[in-house]
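1. Kindly generate the corresponding structure for this input.
(2 chains)
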Amino acid sequence: GAVVSQHPSWVICKSGTSVKIECRSLDFQATTMFWYRQFPKQSLMLMATSNEGSKATYEQGVEKDKFLINHASLTLSTLTVTSAHPEDSSFYICSAPDREETQYFGPGTRLLVL
Amino acid sequence: AQSVTQPDIHITVSEGASLELRCNYSYGATPYLFWYVQSPGQGLQLLLKYFSGDTLVQGIKGFEAEFKRSQSSFNLRKPSVHWSDAAEYFCAVGPYTGRRALTFGSGTRLQVQP
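-> Model (predicted):
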């Protein structure tokens, strides 16, 4: 199947700093990518849809100014958590659909804000 | 609105025993159904998917799932569980087209006893 990578796999940062997470489709192009957030022992909740060449679409309750999304190319989407706070600590997972609409998920990025 | 229900939060089975994980969905159009598995601290791996055709779908690692439209169910089965199957299992539903995100169930945590 297709491969989606994320970088970094984990990050620890101080409160108030910004953190950038990259999501790459390694062997296919993705005009759309999705960003999910997962709290411990919970399911994945969609945060936003990243669209190549246009603005991201955010789910209700997700602050677009806090979670900046840039879909720079057909293989790369980035999520920047701005002015991170401890409550932003979570597991962030991206996904990308291939040409057959099957979604492939990245390995996730664990963020810990101190 | 679409929704996915996984009624079993936690299941424990003995190694070698059979397994069935339940999934019920609510979806206004023709659904695209998935089962994913997540090991601790990892991303999601696709086990199998269904859109049309044979209602019994074979996946990786010896898993299969059966789509029953009349019951709005897509239960996951495995005839003989291995210790390495211990993980979190997520059922998800999505549209076949439109590059929309998936809606996930709350997950079922599988423990395997020796």
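2. Flag the shaky bits of the chain, pLDDT-wise.
-> With no chain named, the answer covers chain A. Applying pLDDT under 70 to chain A flags the ranges A:1.
3. Switch to chain B, please.
-> Along chain B, segments meeting pLDDT under 70 span B:96-99.
4. Closest to the mean position in it, which residue would that be?
-> In chain B, the residue lying closest to the centroid (CA atoms, centre = their mean) is B:W35, at 3.3 Å.
5. quick one, what contacts the nearest residue in space to B:H82 that is not next to it in sequence?
-> Distances taken as CB to CB, 6 or more residues apart in numbering or on different chains place B:E15 nearest to B:H82, at 6.5 Å, with adjacent residues excluded. In short, each C-beta sits where N, CA and C put it, glycine included. Applying CB atoms under 8 Å, 6 or more residues apart in numbering or on different chains to B:E15 gives the contacts B:V81, B:H82, B:W83, B:V112, B:Q113, B:P114.
6. which residues sit in contact with the first one?
-> Same thing as B:V81. By CB under 8 Å, 6+ apart, the residues touching B:V81 are B:V13, B:S14, B:E15, B:G16, B:A17, B:S18, B:L19, B:L110, B:V112.
7. thinking the second one is in contact with B:Q111, fair?
-> No - under the contact definition of CB atoms under 8 Å, B:S14 does not touch B:Q111, with a separation of 10.0 Å.
8. Just give me the neighbour total for residue 111.
-> Defaulting to chain A. A:L111: 21 surrounding residues under other CB atoms under 10 Å in any protein chain shown.
9. wait, I meant chain B there
-> B:Q111 has 12 neighbours, counted by other CB under 10 Å.
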